[in-house]
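Q: 3D, please:
(one chain, ligands or ions: 1)
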Amino acid sequence: MVDYHVHPNFSEDAQGSISDFCGRAVELELEEVCFTTHYEPDPVRREHEHVRVGGRELGMDSDWPRAYFAEIEGARQEFSGLVIRAGVEVGYEMGLEVIVRDFL
Ligand SMILES: [Zn+2]
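A: Here you go, the predicted structure:
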């Protein structure tokens, strides 16, 4: 069993750290998880969309991916028996293709 749609507490609407979710995944005997924190690149909503890093709210265009992927890498070290994939859930709107492409 896998879960490829996990929002850790980097998303404003989520609670629980990446490590917390991995621990629970191991308890549930999942084989893989994929973290999909929200990425909302629409400049029109920039003032309303944030990412949480260490409890602080940062803008979407900040350096948050560095902390996000580092935390996922740390979980890979901590939970070596669990396949941990890294992703984002993109809040896509037409016209944002270049922004999304550059981010990915
Ligand atoms: Zn989602």
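Q: Leu104: neighbour count?
A: 9 (other C-beta atoms under 10 Å). (Glycine included, C-beta is placed from N, CA and C.)
Q: I meant Gly74, not that one.
A: Gly74, neighbours per other C-beta under 10 Å, totals 14.
Q: ditto for Gln77
A: Neighbours of Gln77 using other C-beta under 10 Å come to 8.
Q: Dihedrals phi and psi, it?
A: Main-chain dihedrals, Gln77, degrees, to the nearest 10: phi -70, psi -40.
Q: Skip the chain neighbours and tell me the closest residue to Thr37.
A: Nearest non-adjacent residue to Thr37, counting by C-beta to C-beta, 6 or more residues apart in numbering: Phe10, 4.1 Å away.
Q: Dihedrals phi and psi, the one you found?
A: phi -70, psi -30.
Q: any chance you could map the helices in the chain?
A: Secondary structure of the chain (DSSP state H): helices at 18-27, 64-78, 97-103.
Q: want to throw these into JSON lines with distance to Val2?
A: Output for the helices of the chain, formatted as JSON lines (distance: least, C-beta to C-beta, whole Å):
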{"stretch": "helix 18-27", "distance to Val2": "9"}
{"stretch": "helix 64-78", "distance to Val2": "15"}
{"stretch": "helix 97-103", "distance to Val2": "25"}
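Q: can you list these in JSON lines and add distance to Val90 and mean pLDDT?
A: Listed next are the helices of the chain as JSON lines, based on distance: least, C-beta to C-beta, whole Å; pLDDT from 0 to 100:
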{"stretch": "helix 18-27", "distance to Val90": "19", "mean pLDDT": "98"}
{"stretch": "helix 64-78", "distance to Val90": "13", "mean pLDDT": "97"}
{"stretch": "helix 97-103", "distance to Val90": "6", "mean pLDDT": "94"}
